[in-house]
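**Q** next comes the sequence, and after it the predicted model I'd like to discuss.
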Amino acid sequence: RFNEAQAQSLALTTNAQRALTSGDLDLAVALAVEAVNIEQPPAAAKRTLIDVTYAPGTRHIAESDFEGQGFVEMSPDGRTLVTTGYNQNFESVVGVWDSKSGEMLNQLNQSSFDISSLTIMPDTTHLVMGDKSGRTALWDFSTGDQVRRLDGLSRKVENVIAGPDGNSIIATANFEKLGPPGRKLPIGLRLIAWDLESGEEIYRFEAQDEQMSALVVSPDGRTAMIGLATVDEQNQPVGGGRLLILDLDSGEVLAEPVIDGLSGTNSIQSLAINPTGNQAFAMITEVDNSNVSKGVLISLPSGEVLGTVGLPEGARPPVLYSPDGSQIVAGIYGYFALFDALTGDQIRFLGSQTDGHFVTDYVTEIDTHYAVFTPDGSSLISGSLDSNLFWWDVNTGELIQRLIGHEASIIGIENSPDGQGIITVSG
């Protein structure tokens with residue numbers, strides 16, 4: 001019996017090693033644990049258990065019965081994760097999670113609130129949500145109570161963000177006029193800032209006959225870059241437009257960079273600001289995203305154009321700066337391209353179409369990344385439409401490992417609070 005148990009343990013150990021090599025860590029852990037579940041497990045079984053315990057892979061799985069996961073937001077302190085979806089009655093539901101343990105702390109049922117955007121305030125106790133009818137409201141997400149309603153928008157709230165120092169709330173939407181025959185038509189962009197404590201309007205910014213094509217906020221929360229696209233008589237984006245640098249304290253325009261080629265059917269489709277807030281990257285594409293024209297490097301807050309970046313065919317928004325701001329990564333259909341942020345020169349590709357990786361299209365919020373750099377900038381973690389996660393070596397461009405565990409499209413990726421792992425959401 002002893003020899004039979006040893007042989008069985010070694011067989012399980014071998015299968016655990018194979019599972020680890022293939023990237024199926026969950027199976028590897030299960031097999032390795034079973035392999036040492038005898039009185040005197042072989043040394044090989046013990047070593048394999050240690051290998052799989054410290055290997056990259058799933059640490060916690062948190063599940064909900066939400067349908068159609070929509071938005072993902074990490075609190076500023078990294079301790080709380082908020083996700084949205086729908087219940088069986090197609091009513092909006094908000095899940096509040098402990099990002100370390102994966103435990104659901106609270107569930108907010110929003111039967112009359114069809115969520116279109118959200119953000120967690122810096123105080124980590126309040127959540128701001130916008131809905132598809134133009135309502136914006138402040139909530140206490142520990143209790144689920146609505147604190148106050150914020151008025152001024154009448155169409156789908158596209159973005160909600162925390163204002164400078166966390167003392168204000170800013171939201172954007174298209175504003176409208178009454179058009180024949182009695183229909184309300186969007187005719188421009190409206191941005192409103194409200195005081196967090198009183199709910200009173202601080203300022204508003206409007207752009208006539210233009211719709212927002214991209215938005216990004218600087219790391220200190222004091223500056224926003226807004227891409228605007230001109231709309232035709234049917235209020236459809238037709239390209240052209242402009243780029244604005246906006247002071248979020250006052251709502252004043254600080255600069256309007258002059259960008260060659262921002263005309264015809266081209267418009268700004270993606271924006272990124274580096275970690276120090278002194279440089280930005282604008283991706284200019286065809287209105288239908290069918291072909292990328294170029295990337296532009298811009299100095300902040302002056303708006304001076306520093307240079308252009310030649311993007312490969314098929315490049316698509318959004319783009320991402322590395323943690324030290326020295327590199328920029330852009331998604332391509334099937335892989336990634338890495339650029340030098342100072343010169344705009346292409347450094348290398350990460351992966352290729354033969355890897356079978358497709359960049360996720362589910363990027364609707366300015367803080368929801370289709371990919372994320374690890375804190376040291378040496379790796380990139382990306383998600384795909386087929387539920388897979390990919391771990392890339394930034395220095396070589398090679399695929400280190402495929403991470404499995406999800407069963408639906410990846411819609412959110414964030415670094416864990418301790419920087420030792422990642423938090424991913426699918427739906």
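**A** On my side now, so go ahead.

**Q** residues contacting K156?
**A** Shown in contact with K156 (Cβ atoms under 8 Å, 6 or more residues apart in numbering): 116, 130-134, 173-174. (Glycine included, C-beta is placed from N, CA and C.)

**Q** run the last query once more with 6 Å
**A** Counting by Cβ atoms under 6 Å, 6 or more residues apart in numbering, K156 touches 116, 132.

**Q** in the chain, which spans are helices?
**A** 2-22, 25-35, 43-53 (DSSP state H).

**Q** winner for burial among these?
**A** Of all these, helix 25-35 has the most neighbours on average by mean count of other Cβ atoms under 10 Å, namely a mean of 20.

**Q** report the buried residues of stretch 302-321.
**A** 303, 305, 308-309, 311, 314-321 (16 or more other Cβ atoms under 10 Å).

**Q** I'd like those as CSV, with pLDDT appended.
**A** Compiled in CSV, those are given as follows (pLDDT from 0 to 100):
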residue, pLDDT
G303, 95
V305, 94
T308, 88
V309, 88
L311, 82
G314, 71
A315, 74
R316, 73
P317, 68
P318, 68
V319, 86
L320, 90
Y321, 94
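
**Q** what's the closest of those to L150?
**A** Nearest to L150 among the buried residues of stretch 302-321, counting by Cβ to Cβ, is P318 at 26.8 Å.

**Q** any figure for the gap between F90 and N109?
**A** Distance of F90 to N109, given as Cβ to Cβ, to the nearest Å: 12 Å.

**Q** and if you look at T21?
**A** Distance, T21 to N109, by Cβ to Cβ: 44 Å.

**Q** in stretch 73-80, which residues are buried?
**A** In terms of neighbour count (16+ other Cβ under 10 Å), stretch 73-80 has its buried residues at 73-75, 78, 80.

**Q** now do the strands in the stretch 1-150 of the chain.
**A** 72-74, 80-86, 92-98, 104-110, 115-120, 126-131, 136-140, 145-150 (DSSP state E, counting those that start in this stretch).

**Q** sheet partners, orientation included, of the first one?
**A** Taking DSSP bridges as the criterion, strand 72-74 forms sheet pairs with strand 80-86 (antiparallel).

**Q** before we move on, back to that, make TSV from the buried residues of stretch 73-80 and add distance to K46 and pLDDT to it.
**A** Output for the buried residues of stretch 73-80, formatted as TSV (distance: Cβ to Cβ, whole Å; pLDDT from 0 to 100):
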residue	distance to K46	pLDDT
E73	42	81
M74	37	82
S75	39	83
G78	34	80
T80	37	83
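
**Q** which members of those are the farthest-apart pair?
**A** E73 and G78 (11.6 Å).

**Q** what's the pLDDT at E158?
**A** You'll see E158 listed with a pLDDT of 90.

**Q** same check on T396?
**A** On the pLDDT scale, T396 gets 88.

**Q** burial measure for it, as a count.
**A** Applying other Cβ atoms under 10 Å, we find 10 residues neighbouring T396.

**Q** related to what we said a few turns ago, tell me which of the helices of the chain lies nearest to T143.
**A** helix 25-35 (35.7 Å).

**Q** the closest one vs helix 43-53, what angle?
**A** If you take axes from the mean of the first three to the mean of the last three Cα atoms, to 10 degrees, helix 25-35 sits at 150 degrees to helix 43-53.

**Q** list the pairing partners of the helix or strand bottoming out on mean pLDDT in the chain within its sheet, with orientation.
**A** The weakest-scoring helix or strand in the chain, judged by mean pLDDT, DSSP states H and E, is strand 422-426 (a mean of 73). Here strand 422-426 is paired, per DSSP bridges, with strand 410-415 (antiparallel).

**Q** pull the strand it pairs with out as PDB, backbone CA atoms only.
**A** The C-alpha coordinates for strand 410-415 follow below in PDB (Å, rounded to 0.1, in the frame of the first residue of the first chain):
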ATOM      1  CA  ILE A 410     -12.100  40.700 -19.900                       C
ATOM      2  CA  ILE A 411     -13.500  44.100 -19.100                       C
ATOM      3  CA  GLY A 412     -11.200  45.400 -16.400                       C
ATOM      4  CA  ILE A 413      -7.600  45.000 -15.200                       C
ATOM      5  CA  GLU A 414      -6.000  46.700 -12.300                       C
ATOM      6  CA  ASN A 415      -2.900  46.200 -10.200                       C
END
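
**Q** averaged pLDDT, that strand. What do you get?
**A** The model assigns strand 410-415 a mean pLDDT of 75.

**Q** any idea how far that strand is from the chain center?
**A** Remark: strand 410-415 is offset 6 Å from the chain centroid, using Cα atoms, centre = their mean, to the nearest Å.

**Q** now do stretch 149-168
**A** Per Cα atoms, centre = their mean, the displacement of stretch 149-168 from the mean C-alpha position of its chain is 19 Å.

**Q** related to what we said a few turns ago, for the buried residues of stretch 73-80, which one is nearest W194?
**A** Distances from W194 to those, taken by Cβ to Cβ, are shortest for E73, at 19.0 Å.

**Q** how much space between that closest one and R47?
**A** Plainly put, E73 is 41 Å away from R47 if you go by Cβ to Cβ.

**Q** what do you get for P301?
**A** Taking Cβ to Cβ, one finds P301 at 56 Å from R47.

**Q** what do you get for T119?
**A** Going from T119 to R47 by Cβ to Cβ gives 46 Å.

**Q** how many other residues sit next to G102?
**A** Neighbourhood size, G102 [other Cβ under 10 Å]: 14.

**Q** then the one 10 residues further on?
**A** The burial count assigned to S112 is 9, neighbours taken as other Cβ under 10 Å.

**Q** now it: how far from L350?
**A** Taking Cβ to Cβ, one finds S112 at 44 Å from L350.

**Q** alright, that wraps it up for me.
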